[in-house]
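Asks: Have a look; sequence and predicted model below, questions after that.
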Number of protein chains: 2
Amino acid sequence: MDSSEIGVAVDLVAFTLAGGELCVLMGRRPHPPYPGHFALPGKLRRAGVSVDEVARDLLTRTTGLDRAWMEQLRTFDRPGRHGEAGAMLVPGRDPRGDVLSVGYIAVVAADRVRPEFGGELGWQPIRRLPADIGFDHREIIDYAVRRLRSKLGYSSLGFQFLPEEFTIPELKAMYEAVLGISLNRGNFWRKVLEAGVIEDTGKTRPARGKPAHLYRFTNRAFGLLEEPDGYIGR
Amino acid sequence: MDSSEIGVAVDLVAFTLAGGELCVLMGRRPHPPYPGHFALPGKLRRAGVSVDEVARDLLTRTTGLDRAWMEQLRTFDRPGRHGEAGAMLVPGRDPRGDVLSVGYIAVVAADRVRPEFGGELGWQPIRRLPADIGFDHREIIDYAVRRLRSKLGYSSLGFQFLPEEFTIPELKAMYEAVLGISLNRGNFWRKVLEAGVIEDTGKTRPARGKPAHLYRFTNRAFGLLEEPDGYIGR
DNA sequence: TCAAAAGTGTTGGGATTACACCCATGT
DNA sequence: ACATGGGTGTAATCCCAACACTTTTGA
């Protein structure tokens, strides 16, 4: 890439629930820049291919899934500062050149995750992220976590973490893992049932005590309120 | 621009209150593409200059202001579809080529607006937008209005529409104009005073009836809750 | 029969809503 | 004095957090 050209990259922040914790998909970089560092899955946008398509391709290549909840996060841009003679004074977000990154956020159901896919990739718990993260990817992840937590409150996004059928305690555990707080059992119950967004399947799942009812998500109530903000894909 | 290259543009959605209505800054295009159509102020990003800087420069060139509340909105990208022979099948968002746009949103105080600046530019009321808007700028504006209305509820953004000193009825009128709804006078009063985000200046402004107190914004209360981006933590 | 986890009911208080009423000023 | 718009009080209601209690299973 010529130094006067601008590159456009797409970086993907894919979340899942693993081991009861909120995790993000990252890999260890084999080559410079930032060799040995962790980084988000990323790819350069080529002419004629939209960033949405690049993000979807990234998701498929890294998780094996071709459909999941995704939306654009933000564009991250910090070019390097050059002096009179053209020497670099302050490095930008990508040492290779002037590359801006369009961040995407994805949520993957725990039972759909295939960790072996994509070679070096793995799920990193958000509460114990590696210290050596390349580029500005730590900043991108922090921003993505805030957006995720925020959207959990006013959208049906949370159900994307769960399998087709789930119990209310599992639903509660998901909220607690993502938000990083603990919720009141009784109040959570009433709230989620009165919202009318889940329906009983009639089945139950054995537990250590009383078996729990299995529910499934129904978009009946959310559908009216939720905007088609960033839903990509069918 | 070569057909295999990617262009990065910045488009600015600048809002203000004019004539008691929410308005957006637009100009009429003198040249193709979309000659005679309305469009947002926009500019190509050149190497070494961040999109933030381009957006700030756009604001200065169009409104004469060098500081105002601004934030990145989203990146809009829809390249054209080409057939086997390279012929265009479906046009993209910019007929000139493969240009993605990083949208920005700005809020300008009504008393700071200089409509004569920037030649052809003018403020268009959001409720009566022109039918002939070029590119995908109508989509960008609609998205920006939704974001603006949403952020009004959980951030101090609204005060950016008003001059340094304002009355509570003026504050209420601003909220009503931006949200497009009417609010209860008495409840608005209590809510805004109990929030502790404004302080009395001691001065009054004459009105048709009883003179109204002049207040000024104090970020004391918001400062603790508001994060850099506007997300409120708990 | 006891522990563990699912599921339900009750209650007090803070926030929101609707609306009535008083106050200060120009004409 | 009266119309106009600023400013205040209050009762009804809704929502929510806290917490105690009951139910159903496995060991």
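Replies: Received it, and whenever you're ready, just let me know what you need.
Asks: Only C-alpha atoms from now on, for both contacts and neighbour counts.
Replies: Fine.
Asks: tell me which residues in stretch A:96-115 are buried?
Replies: Neighbour-count burial for stretch A:96-115 flags A:97-110, A:113 (criterion: 16 or more other CA atoms under 10 Å in any protein chain shown).
Asks: Cross-reference the residues you listed with the strands and report the matches.
Replies: A:99, A:100, A:101, A:102, A:103, A:104, A:105, A:106, A:107 (DSSP state E).
Asks: Contacts only, for the fifth one.
Replies: The neighbourhood of residue A:103, defined by CA atoms under 8 Å, 6 or more residues apart in numbering or on different chains, consists of A:10, A:11, A:12, A:13, A:72, A:73, A:74, A:75, A:76, A:140.
Asks: By neighbour count, which of those residues wins?
Replies: residue A:12 (33 neighbours; other CA atoms under 10 Å in any protein chain shown).
Asks: Tell me which stretches of chain A form strands.
Replies: A:7-18, A:21-28, A:38-39, A:42-44, A:69-76, A:81-82, A:88-90, A:99-107, A:122-125, A:165-166, A:198-205, A:212-217.
Asks: TSV please, covering the ones you listed and showing mean pLDDT.
Replies: Below are the strands of chain A laid out as TSV (pLDDT from 0 to 100):
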stretch	mean pLDDT
strand A:7-18	96
strand A:21-28	94
strand A:38-39	96
strand A:42-44	95
strand A:69-76	96
strand A:81-82	86
strand A:88-90	85
strand A:99-107	97
strand A:122-125	93
strand A:165-166	94
strand A:198-205	90
strand A:212-217	93
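Asks: what comes up buried for the lengthiest helix in chain A?
Replies: Of all segments of type helix in chain A, defined using DSSP state H, the longest is helix A:137-154. By 16+ other CA under 10 Å, the buried positions in helix A:137-154 come out as A:137, A:138, A:140, A:141, A:144, A:145, A:148, A:149.
Asks: tell me the contacts of the first one?
Replies: Read it as residue A:137. A:39, A:40.
Asks: For the ones in strands among the buried residues of stretch A:96-115, work out which two are farthest apart.
Replies: Within these, two members stand farthest from each other by CA to CA: A:99 and A:107, at 25.6 Å.
Asks: how near is the residue located most distally from the centre of chain A to residue A:53?
Replies: Farthest-out residue of chain A from its mean C-alpha position, per CA atoms, centre = their mean: residue A:85, at 41.4 Å. Relative to residue A:53, residue A:85 is positioned 39 Å away (CA to CA, to the nearest Å).
Asks: Same question for residue A:110.
Replies: 24 Å.
Asks: got a pLDDT number for the residue farthest from the centre of chain A?
Replies: As predicted, residue A:85 sits at a pLDDT of 83.
Asks: same thing with residue A:2?
Replies: For residue A:2, the predicted pLDDT is 48.
Asks: that older thread, I'd like the contacts of residue A:103 as JSON lines, with distance to residue B:185 appended.
Replies: As requested, the contacts of residue A:103 are exported to JSON lines (distance: CA to CA, whole Å):
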{"residue": "A:10", "distance to residue B:185": "48"}
{"residue": "A:11", "distance to residue B:185": "47"}
{"residue": "A:12", "distance to residue B:185": "46"}
{"residue": "A:13", "distance to residue B:185": "45"}
{"residue": "A:72", "distance to residue B:185": "39"}
{"residue": "A:73", "distance to residue B:185": "37"}
{"residue": "A:74", "distance to residue B:185": "38"}
{"residue": "A:75", "distance to residue B:185": "40"}
{"residue": "A:76", "distance to residue B:185": "42"}
{"residue": "A:140", "distance to residue B:185": "42"}
